[in-house]
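Novice: I'd like to go over a predicted model; first the sequence, then the structure.
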Amino acid sequence: MKRHDSIARHGARTLFALAAMTCALPMLAQAASPAPTAKPAPMRVAEQRKADLRLGATAIGRTYAVRTADATFVKLHLDHFSLPDGVTLEVSNPARTEVYRYSNQGLDGHTVDRDMGQNGRTSFSAMSIHGPVALVRLVGTPTSAWKSSDGIRITRYLQGYSERKLRELQLDAALGATPSTRSIQGTDDKRPAACYSSSDPAAFDRSRPVARLVMSSGGLCTAWRVGPDNRMFTNNHCIATASATASAEVWFNYQLSTCGGTSATPTKVAGDQMLRTDTTLDYTLYTVKNFATIASFGYLGLETRTATLNEEIMIAGHPGGRQKELSVVSDRDGGGRCRVNSASTSGNGTNTDIGYYCDTEGGSSGSPVIARSSHKAIALHHLGGSMNKGAKISLIWPQVSTHFGGVVPDGDNGTTPTTYSVSGTITTSAGAGIANVVVSTGSTSATTNSSGAYTLSGLSNGTYTLTPSLGGYTFSPASRSVTVSGANVSGQSFTGTSTGTLPTYTNGTDYAINDNSTVSSPITVTGRTGNGQSSTPVTVNIIHTYRGDLVVDLVAPDGSVYNLLNRSGGSADNVNQTFNVNLSGEALNGTWNLRVRDAASADTGRIDSWSIMF
């Protein structure tokens with residue numbers, strides 16, 4: 001019997017590894033006192049990388065990128081965090097669909113690893129950013145003195161392995177510390193969870209509460225919600241300490257949106273408190289932060305009875321670190337549904353487990369083994385080998401019952417929790433709406449429209465902290481707490497004040513303006529969301545000896561043309577002027593061009609520089 005941490009590759013390399021293990025590890029027998037084995041490490045899906053990023057007062061308004069070639073995620077470790085009031089650190093993806101904000105007024109989602117020396121105040125880790133690039137920038141205006149100790153220092157980050165590398169590591173049996181040659185029992189019958197949405201809707205529904213568990217070390221397991229309150233299960237060999245709990249991320253909805261389709265958008269929360277753990281039964285019960293944001297994914301109940309031989313089961317998890325999959329059928333069970341093949345067998349202790357041929361892999365550790373008859377978890381998967389095994393819920397329950405008030409939790413089988421909205425407006429002190437303000441709860445966000453209105457949707461009952469942000473503005477209040485309790489909430493409004501320091505984009509390269517010709521000077525904007533302002537300053541510096549020759553246009557990324565100057569000014573020299581342009585209908589991201597056409601002969605010049613502020 002071997003720990004379930006990886007798939008071994010058949011061949012000489014595997015035979016050598018197994019031979020070495022036979023010499024190094026004691027054999028486990030199905031006896032009264034099973035011999036102990038070394039505690040396994042979870043499979044690895046990421047590794048630490050070095051960085052050298054230091055942000056001080058001069059970094060405000062500038063964007064810095066931590067780039068990788070093909071990482072699936074980037075998680076930044078903030079070795080030093082100290083900012084004056086009024087300044088916020090933003091960590092985002094280039095599209096800004098993921099944005100986390102950290103300031104003296106509050107910290108969005110983050111993890112704290114005491115084993116790395118983090119204290120949760122001046123050092124912590126930002127939530128991971130999906131994809132190969134994480135953007136970092138300081139925004140705002142200091143309202144207190146910038147001290148010598150203020151600044152941001154990032155010297156390392158966690159880089160998620162690409163899907164290609166995960167597949168290569170699987171083939172090389174390198175995902176875990178202990179190969180498990182028969183975790184896949186015969187043919188691999190697992191399929192993406194979304195592929196069962198129509199053919200087996202009950203199985204698909206019961207996979208909703210199952211999540212991907214990512215540890216700060218780069219390890220990965222599966223976790224799942226149990227009961228209607230803030231309770232999560234995984235294996236003890238995945239997280240076993242308070243520090244490991246607080247440093248872990250839990251990703252819900254990490255799966256395909258349709259069978260063979262695109263990826264769904266995951267919801268990420270950080271681990272919070274460890275409630276109970278046990279090595280023999282290999283479980284950890286814990287809580288998460290921002291619990292309300294994951295309530296919509298439902299929860300599993302517990303089956304505390306004894307399993308019955310040949311009863312049907314299914315397993316949902318993240319085998320191989322991949323997006324969520326379901327193990328529903330098994331060729332070892334004649335091609336029919338998975339079933340219990342041993343109602344009682346030894347795991348870490350005598351007769352602590354049930355056994356089955358349902359396929360699993362590294363990353364499946366912590367998955368719920370779900371009884372078909374009730375759609376409740378009857379075991380907690382943790383071992384692979386000639387037969388895969390899960391610790392009995394009937395033995396786990398007496399140890400954790402006090403954390404459920406002594407009442408065995410039922411699941412929300414097939415019931416989608418009702419969600420609600422929070423709305424409001426963000427205006428100036430004169431009552432004018434401010435567009436493009438991002439209002440965030442730390443795990444979800446909404447952007448104000450041209451009237452300054454916003455709506456946060458899909459919120460479950462709970463208490464949220466709303467924080468608005470837009471470069472060049474401060475807000476009153478800086479944040480507000482709102483409680484959702486069975487109804488939509490409106491009137492959550494803020495007042496914004498311009499600091500006059502909107503981000504400015506400049507092209508200072510000279511472009512020659514020849515007779516009867518057209519030239520363009522580009523500025524590319526990335527990492528922004530929303531549209532421009534109704535009065536966007538465009539500053540133009542053109543050297544030319546007869547400005548009446550010139551037609552000057554601003555060309556938006558979508559090709560829309562905004563005329564700034566149309567052969568006005570006669571024989572005067574040069575164009576040194578700021579034009580206010582209504583760009584409320586234009587998306588910020590993309591390449592903007594200042595286009596200059598010389599419409600007459602004799603005089604020439606150049607575009608000296610130009611800038612746009614929004």
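Specialist: Now that the structure is in, tell me what you want to look at. Just so you know, these numbers come straight off a predicted model, no measurement behind them.
Novice: Going along the chain, name the helices of the stretch 501-614 of the chain.
Specialist: With DSSP state H, counting those that start in this stretch, there are no helices along the stretch 501-614 of the chain.
Novice: before we move on, what about the stretch 1-150 of the chain?
Specialist: 12-24.
Novice: got any ranges where it has weak pLDDT?
Specialist: 1-41 (pLDDT under 70).
Novice: So for the residue nearest to Asp200 when sequence neighbours are not counted, what's the pLDDT?
Specialist: Nearest residue to Asp200 in three dimensions, chain neighbours excluded: Val328, at 6.1 Å (Cβ to Cβ, 6 or more residues apart in numbering). C-beta here means a position set from N, CA and C on the backbone, and glycine is covered the same way. pLDDT, Val328: 95.
Novice: Count the residues that sit near Val328.
Specialist: For Val328, the neighbour count with other Cβ atoms under 10 Å is 26.
Novice: How about Asp333?
Specialist: Asp333, neighbours per other Cβ under 10 Å, totals 20.
Novice: Got the phi and psi for it?
Specialist: Backbone torsions for Asp333, taken as degrees, to the nearest 10, come to phi -110, psi 30.
Novice: Quick check, it in contact with Met387.
Specialist: No. Using Cβ atoms under 8 Å, Asp333 is not in contact with Met387; the gap is 11.9 Å.
Novice: Please tell me how far the closest residue to Asp333 other than its chain neighbours sits from Thr143.
Specialist: Residue nearest to Asp333 in three dimensions, not counting chain neighbours: Arg339, with 5.5 Å by Cβ to Cβ, 6+ apart. For Arg339, the distance to Thr143 equals 65 Å [Cβ to Cβ, to the nearest Å].
Novice: between these two, who's got more neighbours?
Specialist: Arg339 (21 against 12).
Novice: related to what we said a few turns ago, overlap in contacts, Asp333 and Met387.
Specialist: Taking Cβ atoms under 8 Å, 6 or more residues apart in numbering as the contact rule, Asp333 and Met387 both touch Asn341, Tyr357.
Novice: residue boundaries of the strands in the stretch 451-600 of the chain?
Specialist: Here the stretch 451-600 of the chain has its strands, by DSSP state E, counting those that start in this stretch, at 453-459, 462-469, 473-476, 480-484, 494-498, 504-507, 511-513, 518-525, 536-544, 550-555, 561-566, 575-581, 590-598.
Novice: What pairs with the fourth one, parallel or antiparallel?
Specialist: Strand 480-484 has the following strand partners under DSSP bridges: strand 462-469 (antiparallel).
Novice: and the partner strand, which residues are buried?
Specialist: Gly462, Tyr464, Leu466, Thr467, Pro468, Ser469 (16 or more other Cβ atoms under 10 Å).
Novice: Run through the bridge partners of the residue lying closest to the last one once chain neighbours are set aside.
Specialist: With Cβ to Cβ, 6+ apart as the measure, Val438 is the residue that lies nearest to Ser469, at 5.4 Å, once sequence neighbours are left out. The bridge-partner assignment for Val438, based on DSSP bridges, gives Thr447, Ser469.
Novice: Surely Val438 touches Tyr473?
Specialist: No. The criterion here is Cβ under 8 Å, and Val438 misses it with Tyr473 at 10.9 Å.
Novice: okay, and for the chain, where does confidence drop off?
Specialist: Those would be 1-41, 169-182, 184-186, 414-417, 443, 471, 500-501, if you go by pLDDT under 70 across the chain.
Novice: Mind splitting it into its structural domains?
Specialist: Using automatic domain parsing, the domain ranges for the chain come out as 46-160, 183-404, 420-498, 504-613.
Novice: next one: the shortest one to chain centre, how far?
Specialist: Domain 420-498 has its C-alpha centroid displaced from the chain centroid by 21 Å (Cα atoms, centre = their mean, to the nearest Å).
Novice: what do you get for stretch 225-244?
Specialist: On Cα atoms, centre = their mean, the centre of stretch 225-244 falls 19 Å from that of its chain.
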